[in-house]
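> Model the following, please.
(one chain, ligands or ions: 7)
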Amino acid sequence: MLFSGFSKILLGALSLATAGCCTPLSPSSDAACKAIDLALPLGRVNYPDSPTYAQENHYWSNRQTDNIAPACFVAPENTLEVAATMKVLASLNTQFSVKGGGHTAFAGGSNSDGGVTVDLMYLTTLNVSSDRKTVSIGAGNRWINVSEALDTLGLVVAGGRVADVGVSGLILGGGISFFSGMYGWACDNVRNYELVLASGLIVNASPTENEDLFWALRGGGGSSFGIVTRFDMGAYEQPGGNIWHSSLIIPGAANASAIAAYQNLTVNGMPSDNKAHSYMVLTHMDMLGGYAVISDLFHADLPNTADSAHETVPEVFVPFESLPTITKSKSIDNVSTISRAIDVPYGSRQTWWDTTIKATDPSLLIDIVPLWQDHVEKLIAAANGTAVTPYLAYQAIPLNVLKAMEVNGGNALGLKQSDGPLMLIQVAAQWSDSALDELMERSSEGVIGKINDLAKSRGLSHGFVYANYAGNSQSVFESYGADNHAKLKQVAMKWDPEGILRKLWRGYFKL
Ligand SMILES: Cc1cc2nc3c(=O)[nH]c(=O)nc-3n(C[C@H](O)[C@H](O)[C@H](O)COP(=O)(O)OP(=O)(O)OC[C@H]3O[C@@H](n4cnc5c(N)ncnc54)[C@H](O)[C@@H]3O)c2cc1C
Ligand SMILES: *[C@@H]1O[C@H](CO)[C@@H](O)[C@H](O)[C@H]1NC(C)=O
Ligand SMILES: *[C@@H]1O[C@H](CO)[C@@H](O)[C@H](O)[C@H]1NC(C)=O
Ligand SMILES: *[C@@H]1O[C@H](CO)[C@@H](O)[C@H](O)[C@H]1NC(C)=O
Ligand SMILES: *[C@@H]1O[C@H](CO)[C@@H](O)[C@H](O)[C@H]1NC(C)=O
Ligand SMILES: *[C@@H]1O[C@H](CO)[C@@H](O)[C@H](O)[C@H]1NC(C)=O
Ligand SMILES: *[C@@H]1O[C@H](CO)[C@@H](O)[C@H](O)[C@H]1NC(C)=O
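Ligands and ions are numbered 1, 2, ... in the order given. Here you go, the predicted model:
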């Protein structure tokens, strides 16, 4: 015991001498790693030369790890260990970040260069209540872990759509789900949060306990309030966890008719059928012959099961049948299978930016395409043959979703039915050459600005910035409206009066 304790400290000191390809480690991080190592059971703290550290310093976007090295990763195994970690970080004034599933695109989003990164990977409890109405989800789970368990039980949650994404960041920023048409976003479905405050205290937040904190955590992010250790989410019956899914790849030249169909689905289709869900993505890929439109359609009602080819199309999607396609697939699968099929692999540099505009006029949605197309031409030229895949994604926020957001008391996002229907627009790209980083960021930011300007000139702007798709310099919480922004700040001040999290928690968005 003693021996292993000593050798751990020795190893820590040794690793400090060799670590840090990039940023000199601050003395407080070094001290904090050692203090946490002593406070927690053996093996929770990992230093730069260990295999576990290498495994932890592995994120979806290469930009979170390229030239970024925390002094140590700390992986607590339960809520008390998270609390002990928080106390040390606060008392030693140590800069830190928290890794849920690590799917933030930008550098430092959930990794702390030279500081301490708290990795929630061991918080993997998953429990379904005996009445099947609530699932308690440990903060370190990925959505695949949730759906694999729930498919077996014939239950679903309004959670993430993609297998490897972390439950934590997705729920804390909002969370768009296959089932949002019925239940709103993921945050609208949390019945209780368990979290560790800046003080190290463990509290719960629900409609009946610490209601202000409960409201703030529904879209207000984690980094201003505490480290959430468990989400209790509403669960719903869905036989086999199965849903209907169709994926269409449409030639780029038909983008106007595809976007018009998606606009009509948003404004007329989805509100009349809240089991429907869909997104549409424009991209440019050599394997698709250049520009193409990917249209994914989902439905929570299973059409005629006697139809083994699954050719029956839910009525709401029938207008999509007349679009020209390069390929078309239809299936009935469980959520796990679908979420694996749409997973996005690791190994690229990534940027994501977004804005929200009114969805009422198809021509605005079509007229933003050339703004993106100019940007894509510029990126491809600059990449000079190195890999670059650009995306322009349309994600509907129809009236039925806005309405569903109000059912459980409302969230902090500031999205009103009277402003809808809305369209979330995401400009994203993945590439390989780090020399392109700055161009990718500035040019993507530029397209968002141009989209906002065009929308404004037509009286159709809105401006909501979805945190989980945002670029690192976007004004996320300002976009929730002045009242919600002010209220979020007040709640943060109440639960962290000394502003410890504000000062020490790096990355992501600040109130
Ligand atoms: C391939 C892919 C698919 C996606 N699909 C969807 C989708 O279907 N719907 C959708 O809405 N979004 C989607 N997103 C966006 C996704 O919601 C965000 O990337 C989200 O931040 C991911 O959560 P994470 O835990 O993996 O991220 P992380 O990068 O680990 O965390 C994000 C932020 O939350 C903080 N944080 C993490 N855990 C906690 C915690 N327990 N307590 C407090 N703070 C915490 C981190 O410090 C960081 O600031 C997708 C993203 C990717 C890359
Ligand atoms: C909750 O789930 C964990 C594993 O996910 C299990 O070890 C534990 O016994 C469960 N607790 C209850 C109360 O069912
Ligand atoms: C979560 O799912 C992944 C992929 O299936 C698996 O490798 C991992 O072990 C799962 N985690 C837990 C805690 O079950
Ligand atoms: C989900 O679907 C896959 C593929 O069809 C299947 O292998 C798996 O067993 C299914 N899961 C459950 C719980 O039925
Ligand atoms: C969109 O459609 C128009 C008209 O066919 C075409 O000129 C333009 O290149 C298309 N854009 C993309 C990105 O495919
Ligand atoms: C628009 O959507 C409605 C409702 O789903 C549908 O009846 C109608 O055919 C659609 N119109 C077009 C032009 O696709
Ligand atoms: C583009 O790449 C080619 C080789 O693939 C190289 O010869 C050329 O110098 C590059 N041009 C620029 C501007 O980097």
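> and the nearest residue to Gly115 once chain neighbours are set aside, how many neighbours?
Distances taken as CB to CB, 6 or more residues apart in numbering place Gln95 nearest to Gly115, at 3.7 Å, with adjacent residues excluded. Where you see a C-beta, it was placed from the backbone N, CA and C, and this is true even at glycine. Counted with other CB atoms under 10 Å, residues neighbouring Gln95 total 21.
> Quick check: residues of the protein near ligand 5?
252-253, 255-256, 282, 291, 369, 373 (CB under 6 Å from any ligand atom).
> can you pull out the helices in the stretch 401-511 of the chain?
Here the stretch 401-511 of the chain has its helices, by DSSP state H, counting those that start in this stretch, at 437-457, 482-495, 500-504.
> that older thread, please tell me how far the residue nearest to Gly115 sits from Asn411.
29 Å (CB to CB, to the nearest Å).
> repeat for Phe477
In terms of CB to CB, Phe477 sits 13 Å off from Asn411.
> again with Ala260
With distances taken as CB to CB, Ala260 is found 30 Å from Asn411.
> for Val447, same thing?
Per CB to CB, Val447 is found 28 Å from Asn411.
> what do you get for His58?
32 Å.
> Same question for Val167.
17 Å.
> same check, this time on Asn334
With CB to CB as the criterion, Asn334 and Asn411 are 28 Å apart.
> How about Ser147?
Ser147 is 23 Å from Asn411, by CB to CB.
> hang on, the earlier thing: my guess is the residue nearest to Gly115 meets Gly114, correct?
Yes. With contact defined as CB atoms under 8 Å, Gln95 and Gly114 form a contacting pair (7.4 Å).
> quick one on the thing from earlier: Val167 and Asn411: which is more packed in?
A count of neighbours by other CB under 10 Å puts Val167 above the other of Val167 and Asn411, at 31 against 23.
> Contacts only, for the residue lying closest to the more buried one once chain neighbours are set aside.
Leaving aside its chain neighbours, Val167 sits nearest to Asn141 (4.9 Å; criterion: CB to CB, 6+ apart). In this structure, Asn141 makes contact with 123-124, 126, 166-167, judged by CB atoms under 8 Å, 6 or more residues apart in numbering.
> From these, pick the one nearest Ile342.
For the contacts of Asn141, the minimum distance to Ile342 (CB to CB) is 16.0 Å, reached by Gly166.
> who's in contact with the residue nearest to the closest one when sequence neighbours are not counted?
The shortest distance from Gly166 to any residue other than its chain neighbours is 1.8 Å, reached at Gly101 (CB to CB, 6+ apart). For Gly101, the contact set (CB under 8 Å, 6+ apart) comprises 60, 142, 164-170.
> So which of those residues wins on neighbours?
Neighbour counts for the contacts of Gly101 peak at Val167, which has 31 neighbours (criterion: other CB under 10 Å).
> That residue against Ala158, yeah?
No. The criterion here is CB under 8 Å, and Val167 misses it with Ala158 at 11.9 Å.
> ok, is the helix or strand hosting Lys330 in contact with ligand 3 or not?
Element membership for Lys330, per DSSP states H and E: strand 327-334. No. On the criterion CB under 6 Å from any ligand atom, strand 327-334 is out of touch with ligand 3, staying 13.5 Å away.
> Tell me which residues are up against stretch 261-273.
Against stretch 261-273 from outside (CB under 8 Å, 6+ apart): 181, 276-278, 280, 295, 314-317, 319-320, 323, 359-362, 365, 394, 396, 398-401, 421, 423.
> List the buried residues in that stretch.
261-263, 265-267, 269-271, 273 (16 or more other CB atoms under 10 Å).
> ok, it near ligand 6 or not?
Yes. Residues of stretch 261-273 contacting ligand 6 under CB under 6 Å from any ligand atom: 261, 264, 268-269.
> Show the contacting residues for Gly446.
His375.
> just the one 10 residues further on next, same as before
When contacts are counted by CB under 8 Å, 6+ apart, Lys456 is found next to no other residue.
> what does this protein put close to ligand 2?
So far as CB under 6 Å from any ligand atom goes, the chain lies against ligand 2 at 125-127.
> ok, the residue in the stretch 1-150 of the chain that ligand 5 sits nearest to - how many residues close by?
Closest contact between the stretch 1-150 of the chain and ligand 5, by CB to the nearest ligand atom, is at Ala105 (22.0 Å). Neighbour count of Ala105, defined by other CB under 10 Å: 25.
> And the pLDDT at Pro303?
With respect to pLDDT, Pro303 scores 72.
> correction: Gly507
Looking at Gly507, its pLDDT reads 87.
> Look up how far Ala205 lies from Leu172.
Counting by CB to CB, the gap from Leu172 to Ala205 is 12 Å.
> Contact partners for Met121?
Counting by CB under 8 Å, 6+ apart, Met121 has contacts 56, 75, 99, 140.
> So which of those wins on neighbours?
Within the contacts of Met121, neighbour counts (other CB under 10 Å) peak at Lys99, which reaches 28 neighbours.
> ok, that one touching Gly109?
No. Between Lys99 and Gly109 there is no contact under CB under 8 Å: 9.3 Å.
> Any idea how many residues pack against Asn189?
So Asn189, with other CB under 10 Å, has 27 neighbours.
> which residues are there in the stretch 301-450 of the chain that come within reach of ligand 6?
Near ligand 6, when you scan the stretch 301-450 of the chain using CB under 6 Å from any ligand atom, you find 316, 319.
> where in the stretch 301-450 of the chain is pLDDT low?
304-310 (pLDDT under 70).
> For ligand 2, what's the nearest residue on it?
For the stretch 301-450 of the chain, CB to the nearest ligand atom, closest residue to ligand 2: Ser336, 16.7 Å.
> And for that residue, the neighbour number?
20.
> ditto for the one 5 residues further on
When neighbours are counted by other CB under 10 Å, Ala341 registers 14.
> quick one, what contacts the nearest residue to it once chain neighbours are set aside?
Distance criterion CB to CB, 6+ apart; nearest residue to Ala341, sequence neighbours excluded, is Asp333 at 7.7 Å. The contact partners of Asp333, by CB under 8 Å, 6+ apart, come to 242-243, 245, 341.
> Now list the buried members of those residues.
Applying 16+ other CB under 10 Å to the contacts of Asp333 flags 242-243, 245 as buried.
> Out of those, name the ones that lie in strands.
Judged by DSSP state E, the buried ones among the contacts of Asp333 include 242-243, 245 as members of strands.
> Phi first, then psi, for Asn210.
phi 50, psi 60 (degrees, to the nearest 10).
> since we're on the nearest residue to it once chain neighbours are set aside, how many residues are nearby?
Once flanking residues are discounted, Asn210 sits nearest to Val203: 5.9 Å by CB to CB, 6+ apart. Using other CB under 10 Å, Val203 is surrounded by 16 other residues.
> And for Gln417?
13.
> isn't it right up against Glu406?
Yes. Gln417 is in contact with Glu406 according to CB under 8 Å; the separation is 7.5 Å.
> which other residues reach the host helix or strand of Leu80?
Per DSSP H and E: Leu80 is located in helix 79-91. Contacts of helix 79-91 with the rest of the structure, by CB under 8 Å, 6+ apart, involve 32, 35-36, 39-41, 44, 74, 76, 94, 96, 116, 118, 120, 123, 194, 196-202, 226-227, 229-230, 500, 504.
> who does the strand holding Lys330 pair up with?
Strand pairing for strand 327-334, determined by DSSP bridges: strand 242-251 (antiparallel).
> Just the C-alpha atoms of the helix or strand just after the strand it pairs with, please, in PDB.
For strand 242-251, the succeeding helix or strand toward the C-terminus, using DSSP H and E, is helix 255-264. Listed next in PDB are the C-alpha coordinates belonging to helix 255-264 (Å, rounded to 0.1, in the frame of the first residue of the first chain):
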ATOM      1  CA  ASN A 255     -30.900  20.800 -53.600                       C
ATOM      2  CA  ALA A 256     -33.700  23.400 -54.200                       C
ATOM      3  CA  SER A 257     -36.500  20.800 -54.400                       C
ATOM      4  CA  ALA A 258     -35.000  18.800 -51.500                       C
ATOM      5  CA  ILE A 259     -34.800  21.800 -49.300                       C
ATOM      6  CA  ALA A 260     -38.300  22.800 -50.200                       C
ATOM      7  CA  ALA A 261     -39.600  19.400 -49.300                       C
ATOM      8  CA  TYR A 262     -37.700  19.600 -45.900                       C
ATOM      9  CA  GLN A 263     -39.200  23.100 -45.300                       C
ATOM     10  CA  ASN A 264     -42.700  21.800 -46.000                       C
END
